[in-house]
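Novice: Structure of the sequence below:
(one chain, ligands or ions: 2)
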Amino acid sequence: MNFPVWDVGFGLPLLIALVTIPHVMVAHFAIGGGLFLAIYGARARSTNDPAMLSFVRSHSRFFMLLTLVFGALTGVGIWFTIGLVSPAATSALIHTFVWFWATEWVMFFVEIAAAIVYYYGWDRLDATTHQRVIWLYFGAAWGSLAVINGIITFMLTSGTWVTDHNIWPAFFNVTYFPSLIFRTLLCLVMAGIFAILTAAFQNDDSLRSRINRIAILWTIPSIGLLVPTGYWYFSALPQSTKLIVSGGWTALKSAQHNLFTSAIGLSILVVLTMLTKNRNLNRVLSGFIILIGLNLFGSFEWYREAARKPYVISNYMYSNGMLVNDTTSIKEAGLFSSMLWKHSDQTMKGEDLFRAACQSCHSLSGYNGIAKMVAERGWTEEQLGQLVQRTGYFRGAMPPFVGTVEEANLIATYIATKANSLNATPESLTPKRIWDNNCGLCHTLDGSRPLRATLSGLSVADLQETILTVDQLSDAIPKFFGSDVDADKLASYLEAQISKREEGVSK
Ligand code: HEC
Ligand code: HEC
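Specialist: Ligands and ions are numbered 1, 2, ... in the order given. The predicted model follows:
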């Protein structure tokens, strides 16, 4: 909270995604592609295969431009963006992993230098030296993945670091190895995909089909192995994260779905490319393959980031830059007095409070746009105030709200003003909508803060009574936002849902 905020209308998370995803995809290609060049360059030389060698050479040019120019530029773009979007987290990571970053940058330097020597060495170096350079390149590139992987997975599963500050277990945390293997497989997939793309621009038909056949070997088994590795990765995540995925946040489910469909789509397209001999069709297919590849990376990276919510560094720092350890003291002082950056007139404004507490994840009307969500729900300003105080109890994705009631109400007014101007007509209140607007924000029947066991066996009348007095159970729970009729509809709905499932179980 001690850094200035950067206001990007369409939403900071979306900005991060736009900068990161293409970079990450190219960065994985930089590793897999290096291995591809090393293996097929050596093979072409030992079998005296000039066609293949010339392909490797043309691929190496494309490779250089893409990884060194595009990769390096977008890499700087990532530092620039995360430094502005999450300054506190960026600083924490730099300070925690100083020597790891230093190692990473040395690796990167070696990687760049080797790539340049390799590219300009085709006619200048003897074959053995030239091959050694590309192996050196690959070693450094994979090594830099192995380093950065420790830092990225630390953000997801920081383990006991929060209490003992022990750096090695923090680096080799529980998701380190599953993630490293997962990403290595992605590198192999990328190498295959880019081979298909460069092959599509080769005029020699027989060479093109050879490359397309080779690409299959790189992509299909790797995509197949992504499934068990992904499962291993997922299993290593903490229980709280799994709950966000399984019960909490529907968008995560669709990311998971997206990941699977793009993996399948990619496999099909790769096989199709191998089967077609037509060059133009090959080009079109390779274009689609790149797009689906981007989608695969996008959903994986998005999923990983989302699974980390409400933290940016698990159990240590929330996405809005607030340290977990500071929540109590900020709560005592109030959000406003803990903020360094506000309008110069120093009056408490909903806008500033929103920026400090919510804007790292929500825009007003762009990505994860809060005004739109609120307009669709049809909440009044007062109801919204009740909810803002309790956003920390919502299913998993948000940090605790550390402000006062007054501060919550100011944020609510700020959002509501924006929401009213959107003028969305709330959908009619079906029982499911009543559930979603009230209890469903924080509960599922099974899974996340489950209610089934507590509510099962209650009659509709008892349920209605519980609903109407629900705020008396705990300060965490807001008043029910509906009429008696709504409560009755919800009660019947719940009764039906609970007994339906129990019949299912007893059968
Ligand atoms: C760590 C990221 C994060 C922060 C910080 C955050 N939110 Fe959220 N919020 C989310 C996510 C993710 C959702 C779920 C969106 C969805 O279901 O698609 C959500 C949902 C909501 C919803 C429910 C919308 C609905 O219709 O279900 C409200 C209201 C809300 N946030 C308000 C706030 C307010 C107010 C703040 C600041 C005090 C805040 N959030 C801070 C991530 C965050
Ligand atoms: C803002 C989040 C939030 C909303 C909205 C919410 N709850 Fe809760 N609810 C909680 C929390 C947190 C607890 C646990 C409270 C505690 O242990 O102190 C809880 C506990 C309960 C319990 C007790 C559970 C048990 O096993 O002891 C019941 C019953 C319950 N809620 C029902 C409801 C119903 C019904 C609604 C909708 C009308 C609702 N809640 C809306 C957050 C919420």
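Novice: and for stretch 356-375, what are the contacting residues?
Specialist: Counting by Cβ atoms under 8 Å, 6 or more residues apart in numbering, stretch 356-375 makes contact with 1, 5, 7-14, 85-86, 309, 312, 319-321, 335, 339, 341, 384, 397-399, 401-403, 411, 415-416, 418-424, 426, all of which sit outside it. In short, each C-beta sits where N, CA and C put it, glycine included.
Novice: Please pick the buried ones from those residues.
Specialist: Buried subset of those (neighbour count, 16 or more other Cβ atoms under 10 Å): 1, 5, 8, 11-13, 85-86, 309, 312, 319-321, 335, 339, 384, 397-399, 401-403, 411, 415-416, 418-419.
Novice: just checking, next helix/strand downstream of the helix or strand hosting residue 252?
Specialist: Here residue 252 is covered by helix 250-275, with elements defined by DSSP states H and E. Under the assignment DSSP H and E, the closest C-terminal helix or strand after helix 250-275 is helix 279-307.
Novice: Give the other helices and strands that that following helix contacts.
Specialist: Secondary-structure packing of helix 279-307 (3 or more Cβ pairs under 8 Å, 6 or more residues apart in numbering; DSSP states H and E): helix 12-46, helix 127-156, helix 176-199, helix 205-236, helix 250-275.
Novice: Next SSE downstream of that helix?
Specialist: strand 311-313.
Novice: how about that following strand, does it reach ligand 1?
Specialist: No - applying Cβ under 6 Å from any ligand atom, one finds strand 311-313 out of contact with ligand 1, separated by at least 7.5 Å.
Novice: oh, and call the first residue 690 from now on, that's how I've got it
Specialist: Yep, numbering from 690; the last one is strand 1000-1002 now.
Novice: So which bits of this protein are right by ligand 1?
Specialist: 938, 940, 998-999, 1008-1009, 1046-1047, 1049-1051, 1057, 1059, 1062, 1066, 1076-1077, 1080, 1086-1088, 1090, 1100, 1130.
Novice: Just the ones in helices from those, please.
Specialist: The subset of the residues of the chain next to ligand 1 located in helices under the criterion DSSP state H comprises 940, 1046, 1059, 1062, 1066, 1076-1077, 1100.
Novice: Quick one: low-confidence residue ranges for the stretch 790-939 of the chain.
Specialist: Applying pLDDT under 70 to the stretch 790-939 of the chain flags the ranges 935-938.
Novice: Distance from stretch 758-765 to the middle of the chain?
Specialist: 20 Å (Cα atoms, centre = their mean, to the nearest Å).
Novice: Give me the buried positions along it.
Specialist: When neighbours are counted by 16+ other Cβ under 10 Å, the buried residues of stretch 758-765 are found to be 759-760, 763-764.
Novice: Please apply the same query to stretch 830-837.
Specialist: Taking 16+ other Cβ under 10 Å as the neighbour-count basis, stretch 830-837 is seen to contain the buried residues 830-837.
Novice: Give me the contacts around the helix or strand where residue 1125 lies.
Specialist: Element membership of residue 1125, judged by DSSP H and E, is helix 1120-1126. Residues lying outside helix 1120-1126 but in contact with it, judged by Cβ under 8 Å, 6+ apart, are 1066-1068, 1116, 1118, 1170-1171, 1175, 1178-1179, 1181-1183.
Novice: Need those in TSV (columns: secondary structure, distance to residue 918 and pLDDT).
Specialist: Converted to TSV, the contacts of helix 1120-1126 look like this (DSSP: H, G, I helix; E, B strand; the rest coil; distance: Cβ to Cβ, whole Å; pLDDT from 0 to 100):
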residue	secondary structure	distance to residue 918	pLDDT
1066	helix	39	86
1067	coil	44	84
1068	coil	42	87
1116	coil	41	67
1118	coil	44	84
1170	coil	44	88
1171	coil	46	87
1175	helix	47	93
1178	helix	46	95
1179	helix	43	96
1181	helix	45	95
1182	helix	41	95
1183	helix	40	95
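Novice: Which pair of those spans the longest distance?
Specialist: Of all pairs drawn from these, the widest gap by Cβ to Cβ lies between 1068 and 1181 and measures 23.0 Å.
Novice: These two: who's more crowded?
Specialist: Regarding residue 1068 and residue 1181, a neighbour count based on other Cβ atoms under 10 Å identifies residue 1068 as having more, with 21 against 14.
Novice: The more buried one: what's it in contact with?
Specialist: Under the criterion of Cβ under 8 Å, 6+ apart, the contact list for residue 1068 reads 1076, 1105, 1126, 1170.
Novice: I'd like the average pLDDT over the helix holding residue 1125.
Specialist: Across helix 1120-1126, pLDDT averages out at 92.
Novice: What distance do you get for residue 840 to residue 771?
Specialist: Distance of residue 840 to residue 771, computed by Cβ to Cβ, to the nearest Å: 12 Å.
Novice: Look up the closest residue to the residue of the stretch 690-839 of the chain found nearest ligand 1, ignoring the ones flanking it.
Specialist: Relative to ligand 1, the nearest point of the stretch 690-839 of the chain is residue 702 (8.3 Å; Cβ to the nearest ligand atom). Closest residue to residue 702 apart from its sequence neighbours, by Cβ to Cβ, 6 or more residues apart in numbering: residue 1056 at 5.8 Å.
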